[in-house]
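A.B. asks: the amino acid sequence is not available; the structure is as follows:
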Ligand SMILES: Nc1ncnc2c1ncn2[C@@H]1O[C@H](COP(=O)(O)OP(=O)(O)OP(=O)(O)O)[C@@H](O)[C@H]1O
Ligand SMILES: [Mg+2]
């Protein structure tokens, strides 16, 4: 529904203000990350990279970041692989009970993270997975699986299996037909699943607070403990680095989107 | 001729197919059953068996004044977050629907961009803004408006601001998609039938987007109730929400109480979620306004 | 400018007092696409006027401008003597029927039809009576409690008609209201709409791209193309005497034969294939000279098929395909110069055998003579 001129102007002001409220607060970490002092000074007395040096020079920060990256990659692979198998089963093989299975796999999305954390913590204590890499991979895979299954399943359902059968009838082997017909159709979903799974793991704090620790300290966990105990703005440098990466990725994908919508209708 | 197609095979050998299906599902099921469902049941069992069998944990929780405060704080903060997200999200989503494609996309990217930034980076930013030596207090001091720095951080209000900031993108997405789904010709039709914009808004537009309003609100409410990190970072010592309480009890090895509290949170969440799926049920898409 | 709805004016309108619509010099573009160009049109009170044209010819745009849903870049819209160009739709008091019906999905049929009355602050007794009468009018008695999605397409269309009529508008605008219905239902609703319009007397502007529908319903037809009026007239004239090739082709099947002007003993004649000559229609006699080329169009149903060479003009042809269409045969034939020629003959006559040689004859006065568009023979 469109508004009249005045109405639209009011809406524009409100809309822009709220979007500013969403974006600007996140950006305050950037000027802070370049201050020479330990607190926000305005106007700043010069620029300094000392907090970035603090981050890159500190073994604990680096190893936390590295652990998070390895963990994210492991979760991306595991969750996407398991999700693919489950999605194939749900679309092609399981008829009865598919609803239940899907419900079970998606449940971790709905259960509050703190409750999942208590449950996982409890079992990990008993089986000895506490503070292990494997333990983290498993826990994060549980959280990422709902996305993987849903994404891949809907992509599989959209695949046209006509050519697949045609390929079989022309003498292709089952595996070859899969590679040539089905795989291209679901590749975007597999990529999306991997990216999502990575991000879920990368940003997960609640479970890690319970099941991570000393030797398995992920970046979010270190940030969490740092926020609670330290006042040095090293965190500003870390946050800024994260913002730079996200801003770059979003800008690139938005520009690509723009090109994709402007090119066809200019012809 | 389609001879050995998959679909053919599923139809021909149902028994074998369900075995294959099970084999494919096995890895997932093992992980989810063993490390999620089973321990979740364990949590329930704990809640009625630790330290002694029976419902003593629940009795203790419901009879304690402290719990009532915890519950009230959790619900209050979640509800206020929901209202805040509605109030702020509505104009943004509406504004985006009136923009042409490119600008709409830009605004959608901008308003969901925070979702991609690590939550702790966002929370840290708020501590920088609200802290005693933070951006706001600094600015106020420079302008000479305050002598003593204001206590903006580590209180319920800070939690609320943070929650709204974190949840708002979700609300915008849900509202936007429901607003985008409104057929513009219905609005024009009301216009041509003589309705003033306010009448069109109240009698046509609002009822049509009400499923989105309800779904967005429930989504925000559900997610807000489960927040743990956010109140831990932005809240003060007195701001104990259910998730925070659960964690402290675990630290004190009071497993029974922690489990019972978890169960209560889980049940409330599931109840709200059941409501949410009702709203999304295609048969009841039209909520409210169907009768005068 | 008054902000109130013209409820008093529109309600005081007696039956058969539709308003005159004058569209003057309307020009409109979307971006750099010019959709309407210097458009002039007057719709008489109580007239049923149809805008006919191919997709993209600007019909919807024109209708929306009349209805106040689009403000034109230039020009004015005067309704009942009042300049309404800048008036918002809600203050124009016109009924608008949308192609997709645009029923409010969350309201019952009753509430949908009552909506314009409630907006006008009419008492609920009166509303109930008016709604009932409107539903009677479109033959939907007893369906008031249903939701739109519980109705068939035709029923939904009738609800949207009832809703557009219930407040007695002097003007009703309809944008392809029957576009998505099947043929039988279309014909049925064409009749009901036309009967209602005659009975009530509102001015109707109707949009369609279906020429049969336009012929069946209208007092006059406007053939539009590229945002301009190509021909305006009563259906028979538009069909029988199209003024240009586009119109001739768009409003029905036509066989085209080239002709050249020759001087004969009694003046100019048109010479076509096989030595036939046709007289020059009087309205063209002044603009044509010897040697000019023209296009002669012959409608398929004007042609008589004969087994012997008789009458004039006549052309020899070979029958290639005969298809049966219930009340007619369509005969696809080929002239001696290789051109296709379609004939439609009543199925009460016997059809020629495929492969046989026949002679095609028509009344010379029925020939449509057109000056060919530039760049075509
Ligand atoms: N809102 C709009 N924005 C941009 N271009 C438009 C818009 N509406 C119509 N057009 C363009 O204007 C031209 C005329 O459109 P219009 O809808 O009036 O045609 P129409 O005669 O109603 O066609 P149809 O029979 O397909 O409904 C078309 O080229 C169309 O693409
Ligand atoms: Mg149209």
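C.D. replies: That came in fine, so what should we check first? Keep in mind the model is a prediction, meaning the values are calculated, not measured. Ligands and ions are numbered 1, 2, ... in the order given.
A.B. asks: how near is residue C:327 to chain B?
C.D. replies: To chain B, residue C:327 is 38 Å away according to C-beta to the nearest C-beta, to the nearest Å. The C-beta positions use only the backbone N, C-alpha and C, and glycine is treated the same way.
A.B. asks: identify the residues contacting the nearest residue to that residue once chain neighbours are set aside.
C.D. replies: Leaving aside its sequence neighbours, residue C:327 sits nearest to residue C:347 (C-beta to C-beta, 6 or more residues apart in numbering or on different chains; 5.7 Å). Residues near residue C:347 by C-beta atoms under 8 Å, 6 or more residues apart in numbering or on different chains: C:324, C:325, C:326, C:327, C:328, C:329.
A.B. asks: 7 Å instead, please
C.D. replies: By C-beta atoms under 7 Å, 6 or more residues apart in numbering or on different chains, the contact set of residue C:347 is C:324, C:326, C:327, C:328, C:329.
A.B. asks: and residue A:26, by the same measure?
C.D. replies: A:243, B:114, B:117, B:122, B:125.
A.B. asks: may I see the buried residues of the strand or helix carrying it?
C.D. replies: Assigned by DSSP states H and E, residue A:26 falls within helix A:5-27. Residues A:11, A:14, A:15, A:18, A:19, A:21, A:22, A:25, A:26 are the ones in helix A:5-27 that count as buried (16 or more other C-beta atoms under 10 Å in any protein chain shown).
A.B. asks: same check, this time on stretch C:254-274
C.D. replies: So for stretch C:254-274, counting by 16+ other C-beta under 10 Å, buried means C:254, C:255, C:256, C:257, C:258, C:259, C:261, C:268, C:269, C:270, C:272, C:273.
A.B. asks: and the end-to-end length of that stretch?
C.D. replies: 19 Å (C-alpha to C-alpha, to the nearest Å).
A.B. asks: in chain C, which spans are helices?
C.D. replies: C:7-12, C:59-67, C:109-119, C:124-137, C:153-165, C:183-200, C:211-217, C:235-240, C:245-250, C:282-285 (DSSP state H).
A.B. asks: quick one, which of those helices gets closest to chain A.
C.D. replies: helix C:59-67 (14.0 Å; C-beta to the nearest C-beta).
A.B. asks: what sits up against the closest one?
C.D. replies: Contacts of helix C:59-67 (C-beta under 7 Å, 6+ apart): B:192, C:21, C:23, C:26, C:28, C:35-36, C:39, C:51, C:53, C:70, C:72, C:77, C:89, C:92, C:94, C:96, C:173, C:175, C:205, C:207, C:224.
A.B. asks: of the buried residues of stretch C:254-274, which ones also sit close to ligand 1?
C.D. replies: Among those, no residue sits close to ligand 1 (C-beta under 6 Å from any ligand atom).
A.B. asks: I'd like the residues you listed as CSV, with distance to residue C:281 appended.
C.D. replies: As requested, the buried residues of stretch C:254-274 are exported to CSV (distance: C-beta to C-beta, whole Å):
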residue, distance to residue C:281
C:254, 16
C:255, 18
C:256, 16
C:257, 15
C:258, 17
C:259, 12
C:261, 12
C:268, 11
C:269, 12
C:270, 9
C:272, 14
C:273, 19
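A.B. asks: assumed residue B:46 was part of a helix.
C.D. replies: Yes: under DSSP: H, G, I helix; E, B strand; the rest coil, residue B:46 falls within a helix.
A.B. asks: hmm, it is touching residue B:255, no?
C.D. replies: Yes: using C-beta atoms under 7 Å, residue B:46 is in contact with residue B:255, at 5.4 Å.
A.B. asks: who has more neighbours, these two?
C.D. replies: Comparing residue B:46 with residue B:255 by other C-beta atoms under 10 Å in any protein chain shown, the one with more neighbours is residue B:46, at 23 against 19.
A.B. asks: state the helix or strand in which residue A:117 lies.
C.D. replies: Using DSSP H and E, residue A:117 falls in helix A:113-127.
A.B. asks: which parts of that helix are buried?
C.D. replies: A:113, A:114, A:115, A:116, A:117, A:118, A:119, A:120, A:121, A:122, A:123, A:124.
A.B. asks: then stretch C:146-155?
C.D. replies: Those would be C:147, C:148, C:151, C:154, C:155, for stretch C:146-155 by 16+ other C-beta under 10 Å.
A.B. asks: please report the distance of the first one from residue C:158.
C.D. replies: To tie it back to what came earlier, the one meant is residue C:147. 15 Å (C-beta to C-beta, to the nearest Å).
A.B. asks: stretch C:121-136 near chain B anywhere?
C.D. replies: No: using C-beta under 7 Å from any C-beta of the partner chain, stretch C:121-136 stays clear of chain B, coming no nearer than 10.0 Å.
A.B. asks: who's in contact with that stretch?
C.D. replies: With C-beta under 7 Å, 6+ apart, stretch C:121-136 has contacts from C:110, C:113, C:114, C:117, C:118, C:141, C:144, C:162, C:165, C:166.
A.B. asks: since we're on the fourth one, how many residues are nearby?
C.D. replies: Put plainly, it is residue C:117. Neighbours around residue C:117, by other C-beta under 10 Å: 25.
A.B. asks: quick check, pLDDT for the spatially most central residue of chain C.
C.D. replies: Most central in chain C under C-alpha atoms, centre = their mean is residue C:214, positioned 2.9 Å from the mean C-alpha point. pLDDT, residue C:214: 95.
A.B. asks: measure the closest residue to residue B:235 other than its chain neighbours to chain A for me?
C.D. replies: With C-beta to C-beta, 6+ apart as the criterion, residue B:235 has its nearest non-adjacent residue at 4.8 Å, and that residue is residue B:159. As defined by C-beta to the nearest C-beta, residue B:159 lies at a distance of 14 Å from chain A.
A.B. asks: can you list the helices and strands that the helix or strand residue B:159 falls within packs against?
C.D. replies: Element membership for residue B:159 (DSSP H and E) is helix B:156-180. Judged by 3 or more C-beta pairs under 7 Å, 6 or more residues apart in numbering or on different chains; DSSP states H and E, helix B:156-180 is in contact with helix A:5-27, helix B:65-97, helix B:101-116, helix B:119-130, helix B:206-225, helix B:229-234.
A.B. asks: gap between it and the chain center?
C.D. replies: 9 Å (C-alpha atoms, centre = their mean, to the nearest Å).
A.B. asks: over to stretch C:66-73?
C.D. replies: 21 Å.
A.B. asks: what does stretch C:240-260 give?
C.D. replies: With C-alpha atoms, centre = their mean, you get 17 Å for stretch C:240-260.
A.B. asks: show the contacting residues for residue 117.
C.D. replies: Assuming you mean chain A. A:206, A:207, A:210 are the contacts of residue A:117 under C-beta under 7 Å, 6+ apart.
A.B. asks: sorry, I should have been clearer: chain C.
C.D. replies: C:127, C:130, C:166, C:167.
A.B. asks: what distance do you get for it to residue C:151?
C.D. replies: Where residue C:151 is concerned, residue C:117 sits at a distance of 20 Å (C-beta to C-beta).
A.B. asks: dump the contacts of residue A:26 into TSV; add distance to residue C:301, neighbour count and pLDDT as well.
C.D. replies: Listed next are those as TSV, based on distance: C-beta to C-beta, whole Å; neighbours: other C-beta atoms under 10 Å in any protein chain shown; pLDDT from 0 to 100:
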residue	distance to residue C:301	neighbour count	pLDDT
A:243	75	22	92
B:114	70	20	94
B:117	73	21	93
B:122	76	23	95
B:125	79	28	94
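A.B. asks: take these and lay them out in JSON lines including distance to ligand 1.
C.D. replies: Output for these, formatted as JSON lines (distance: C-beta to the nearest ligand atom, whole Å):
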{"residue": "A:243", "distance to ligand 1": "38"}
{"residue": "B:114", "distance to ligand 1": "33"}
{"residue": "B:117", "distance to ligand 1": "37"}
{"residue": "B:122", "distance to ligand 1": "39"}
{"residue": "B:125", "distance to ligand 1": "41"}
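A.B. asks: using TSV, lay out these together with distance to chain C.
C.D. replies: Formatted as TSV, these follow (distance: C-beta to the nearest C-beta, whole Å):
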residue	distance to chain C
A:243	37
B:114	34
B:117	37
B:122	38
B:125	42
